[in-house]
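S.K.: Pasting the sequence and the predicted coordinates here, then a few questions.
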Amino acid sequence: MKRTLIFFLIISNNLFSQNFSCEDKVSKHLIDKVEKHESINLIPYFSKTENKWGFFDKKTRKIVTSPILNRVHFFKPNLRLFYEMNNGNQENGCDANILGSKENYKIEFIKQSDYQVYDVESETTPKINYEKLINDEISGFEVNDNNKIIGFNSKFYNKKTKKSILKTWAIKFKNNYYAIVTEKINDKNKYSIVNQQGDEMEGFENLSNFPIKVFHYKDSDDIWFYFRTEAGKYKFRSLLKNKEISGLFDRPLNLNNYAKTIGFAILKTNGKYGLLDLTTMSWRLKPKKKNDFVSLNYSSSEVLSENYINDRNNINFNKEIPIEIIKQNRLKSNVYIQNSKREFYNLKRKIIKPKK
């Protein structure tokens, strides 16, 4: 009789939890708790017991909500939720967009998560007749208004594969164009960067691995790339001045995640983590052994500009962002670095955590 009663209570509690609507869950467990706090000051904390995240107030260090979220979220200034407030499975989660404290935590939209498994459909790329793009009246290549290469000298045409050895899209910088060349030499891929006249750029000839461009700004004075060395580590080198950041680096994961907003990135070199300022390509926090850096994040008082053209639905991807916008964004935000203990540093390397 006792076993039956316990089983019944467990089932009843699960059913009761599932009967709460997303509006009820979000209002009761989140909005009602945070409504007296500024959203820019809310920092996530992790509960090992619940294996979930809640919020505490940066100023008072007091816990504001119980652990209710599966993932780390900050108000930027809105809080965007996917598959959250569930009972351990995605099917009963909630999707929502909650505005920040300046908008009184208004729920912009909320619904039960539409959990689906989608089939990935591959699109057929139209075939290009590269031979028709050969133009020996130019020594390099020519581009259209979208930076797509539409013509090139025959030296960039591979007769065997009947394809161009130039990447399809050129890199534009201060009204000059550059292109990445891929060709096989002794059965190995080699990579170079050429200017629009077809000349190889110093320091970027016959690289063994593909050079990946670092996000650059409108008023940057150079373009930076990183590429894997023969030793398996990564090197940073600038295209025009041939500068390098000292040291070899682990693979720079998520380097450009916040390039358009706060302009910082975490890098690891020689077993040490540091924080790189992408606007200057210099260290904001120099690599040190004591730096336990895992990921970067921020909270903000308003939507940070990413150089949208008035209408946020009409984004000009080719328009470069001035460094001044990044500086303004930093003034409107609090930048945090998460460590391996799921705590957060500020940019003074001070850990900010709730009072016990």
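M.R.: Thanks, I have it. If you're wondering where the values come from, they're calculated on a predicted model, not measured in any experiment.
S.K.: which residues sit in contact with residue 266?
M.R.: Residues counted as contacts of residue 266 (Cβ atoms under 8 Å, 6 or more residues apart in numbering) are 254, 273-276, 293-296, 337. Every residue, glycine included, has its C-beta placed from N, CA and C.
S.K.: cool, and residue 328?
M.R.: Contacts of residue 328 by Cβ under 8 Å, 6+ apart are residue 305.
S.K.: Checking it next. Helix, strand or coil?
M.R.: helix (DSSP: H, G, I helix; E, B strand; the rest coil).
S.K.: next structured bit after the helix or strand of the chain at the bottom of the mean pLDDT ranking?
M.R.: Between all helices and strands in the chain, the lowest mean by mean pLDDT, DSSP states H and E belongs to helix 2-18, at a mean of 39. Downstream of helix 2-18, the next assigned helix or strand under DSSP states H and E is helix 22-26.
S.K.: pLDDT value on residue 164, please?
M.R.: Model confidence at residue 164, given as pLDDT, is 97.
S.K.: just the one 10 residues further on next, same as before
M.R.: Residue 174 is assigned a pLDDT of 92 by the prediction.
S.K.: hmm, back to that, generate a ChimeraX selection restricted to the buried entries among the contacts of residue 266.
M.R.: To isolate the buried subset of the contacts of residue 266 in ChimeraX, counting by 16 or more other Cβ atoms under 10 Å, use the following:
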select :273,274,275,276,293,296,337
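S.K.: Just send the contacts of residue 266 back as a markdown table, with distance to residue 161, pLDDT and secondary structure too.
M.R.: Output for the contacts of residue 266, formatted as a markdown table (distance: Cβ to Cβ, whole Å; pLDDT from 0 to 100; DSSP: H, G, I helix; E, B strand; the rest coil):
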| residue | distance to residue 161 | pLDDT | secondary structure |
| --- | --- | --- | --- |
| 254 | 34 | 85 | coil |
| 273 | 42 | 97 | strand |
| 274 | 42 | 97 | strand |
| 275 | 43 | 98 | strand |
| 276 | 38 | 97 | strand |
| 293 | 43 | 97 | coil |
| 294 | 43 | 96 | coil |
| 295 | 41 | 96 | strand |
| 296 | 41 | 97 | strand |
| 337 | 46 | 98 | strand |
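S.K.: residue ranges with poor pLDDT in the stretch 251-356 of the chain?
M.R.: Judged by pLDDT under 70, the stretch 251-356 of the chain has its weakly predicted residues at 307-319.
S.K.: At which residues are the strands of it located?
M.R.: According to DSSP state E, counting those that start in this stretch, the stretch 251-356 of the chain carries its strands in the segments 264-269, 272-277, 282-288, 295-300, 333-338, 344-345, 351-352.
S.K.: would TSV of those strands with distance to residue 150 be doable?
M.R.: Output for the strands of the stretch 251-356 of the chain, formatted as TSV (distance: least, Cβ to Cβ, whole Å):
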stretch	distance to residue 150
strand 264-269	33
strand 272-277	35
strand 282-288	37
strand 295-300	38
strand 333-338	41
strand 344-345	48
strand 351-352	52
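S.K.: Please look at residue 164 and residue 132 and confirm they touch.
M.R.: No - shown here, residue 164 and residue 132 do not form a contact pair, counting by Cβ atoms under 8 Å, at 11.0 Å.
S.K.: Looking at the two now, which is surrounded by more residues?
M.R.: In this view residue 164 and residue 132 are compared by other Cβ atoms under 10 Å, and residue 164 has more residues nearby, 22 against 8.
S.K.: Could you count how many residues lie near the residue nearest to that one when sequence neighbours are not counted?
M.R.: Leaving out its chain neighbours, the residue that sits closest to residue 164 by Cβ to Cβ, 6 or more residues apart in numbering is residue 130, at 4.8 Å. Counted with other Cβ under 10 Å, residues neighbouring residue 130 total 17.
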